[in-house]
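Colleague: mind folding the following:
(one chain, ligands or ions: 2)
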Amino acid sequence: AITRGVQCPTGQVTSNAACCALFPIVDNILQAQLFDGGECGEEAHSALRLSFHDAIGFSVNGGKGGGADGSILAFNQTETAFHANQGIDDITDEQFPLFQQSGLSAGDFLHLAAAVGTANCPGAPRLKFFLGRPAPVAPAPDLTVPEPTDNVTNILARFADAGFTPEEAIALLSSHTVAASDVIDPGFTGIPFDSTPFTFDTQVFLEVLLKGSFFPGDGVPQPAEVASPIQGEMRLQSDFVLARDPRTACLWQEMINNQQLMQTRFKSAMAKMQVLGQDTSKLIDCSDVVPVPKVLADPIIKLPPTFTTSDIEVSCPQLRLPALATQAGPAITVAPV
Ligand code: HEM
Ligand SMILES: [Ca+2]
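Modeller: Ligands and ions are numbered 1, 2, ... in the order given. The predicted model follows:
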């Protein structure tokens, strides 16, 4: 095979010499320090969420923020005070000194961190990374980040204003397969959104559609949540309504047990999101610095123990549900992450 590209002083091959500087940042700053040696843990999850909360501060109609520019990191005092960014100061606090050490712009550092953190989650697609975002000029204004109490009309309108179709919005929500809540339920942290918060599988699309009966933490329903199917799991109201609304139900349901579809759609929606508001003609494709995620040995998902297909609240009747087996054993409780 012909090797195209350049060999870096550190040994790796990349398409552009400008990308060589990123390998030591990926290995020594992101993987070794931020992600505890390459884990799909709390920091990887939060780095992915942060890329969304940064990028979505944008409007195709103008008048909002700079999009995927790192403003939430550079101007963290301002943006972390917004209600929708509650709890996100944990990850901006961790990233800020590492960003300063890296020599990258805030946007490049934050969006590289999201791509690398996601790559630590088995089953994830290998996200792209483009280098060269200028320093952000100002914080994003408040009220650009969707809230879990928002209705479907408002959520889709905000995504559309930022340039995303409903299909892309649902694709981006694949991220809730590696996610947990720290602030919805007062006094309880790390409450996962599906039973496999360390695996980038399609389990979340299934579990959000199952009949719900539990509230995690102290068991008191909060305004942002609705009953979940599994003890210890949280179901966001926004995920619940998006999974059932005629405008998005089929986009949601077709992800169930379709690892390939989820990966393809998530990868392309993330590629768009991570350069939102940027002049892409000035960016360099450094995607080959992103680690290759582990492939799932078995991407075929199962219903949680005791559930059957009749517990699925089918909301897209025109689409046939995949045949799913049920995991053996008694009802499970999911542990905090
Ligand atoms: C309708 C849009 C969305 C809403 C309403 C929403 C809401 C939330 C909420 C309330 C949390 C829990 C925060 C906490 O209690 O700590 C959360 C976590 C998370 N969200 Fe979203 N989200 C949305 C879209 C997205 C998108 C587009 C992404 C990424 C592309 C994303 C990635 C994540 C991740 C990875 C977490 C877990 C963070 C962690 O475990 O530390 N979300 N989301
Ligand atoms: Ca999962």
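Colleague: gap between residue 137 and ligand 2?
Modeller: Relative to ligand 2, residue 137 is positioned 37 Å away (Cβ to the ion, to the nearest Å). Backbone N, C-alpha and C define where each C-beta goes, glycine included.
Colleague: and that residue, helix, strand or coil?
Modeller: Put simply, residue 137 is coil when judged by DSSP: H, G, I helix; E, B strand; the rest coil.
Colleague: give the contact list for it.
Modeller: Listed by Cβ atoms under 8 Å, 6 or more residues apart in numbering, the contact set of residue 137 reads 66, 69.
Colleague: now residue 296
Modeller: So residue 296 contacts 122, 123, 199, 200, 201, 259 (Cβ under 8 Å, 6+ apart).
Colleague: among these, who's most crowded?
Modeller: Greatest neighbour count in those, by other Cβ atoms under 10 Å, goes to residue 200: 30 neighbours.
Colleague: in a strand, that's where that residue is, yeah?
Modeller: No - assessed with three-state DSSP, residue 200 is coil; it does not lie in a strand.
Colleague: separation between it and ligand 2?
Modeller: On the measure of Cβ to the ion, residue 200 and ligand 2 end up 6 Å apart.
Colleague: I figured that residue hits residue 127, correct?
Modeller: No - counting by Cβ atoms under 8 Å, residue 200 does not reach residue 127; the two are 10.9 Å apart.
Colleague: circling back: could you dump the contacts of residue 296 to CSV with pLDDT?
Modeller: CSV is the format used below for those (pLDDT from 0 to 100):
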residue, pLDDT
122, 98
123, 98
199, 98
200, 98
201, 98
259, 98
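Colleague: just put the residues you listed in CSV and tack on distance to residue 140.
Modeller: Output for these, formatted as CSV (distance: Cβ to Cβ, whole Å):
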residue, distance to residue 140
122, 32
123, 31
199, 31
200, 27
201, 32
259, 33
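Colleague: could you restrict those to the ones contacting ligand 1?
Modeller: Among those, not one lies near ligand 1 by Cβ under 6 Å from any ligand atom.
Colleague: for those, which one is nearest residue 136?
Modeller: Taking Cβ to Cβ as the measure, residue 200 is the one of the contacts of residue 296 closest to residue 136, at 28.6 Å.
Colleague: which parts of the chain are helices?
Modeller: 22-24, 42-55, 71-74, 76-79, 89-102, 106-119, 152-161, 166-172, 203-207, 237-244, 249-253, 259-273 (DSSP state H).
Colleague: any residues in contact with both of residue 200 and residue 127?
Modeller: Taking Cβ under 8 Å, 6+ apart as the contact rule, residue 200 and residue 127 both touch residue 118.
Colleague: please report how far the residue nearest to residue 91 when sequence neighbours are not counted lies from residue 201.
Modeller: Distance criterion Cβ to Cβ, 6 or more residues apart in numbering; nearest residue to residue 91, sequence neighbours excluded, is residue 46 at 3.8 Å. Counting by Cβ to Cβ, to the nearest Å, the separation of residue 46 from residue 201 is 19 Å.
Colleague: mind checking the end-to-end distance for stretch 54-72?
Modeller: The separation between the terminal residues of stretch 54-72, taken as Cα to Cα, to the nearest Å, is 5 Å.
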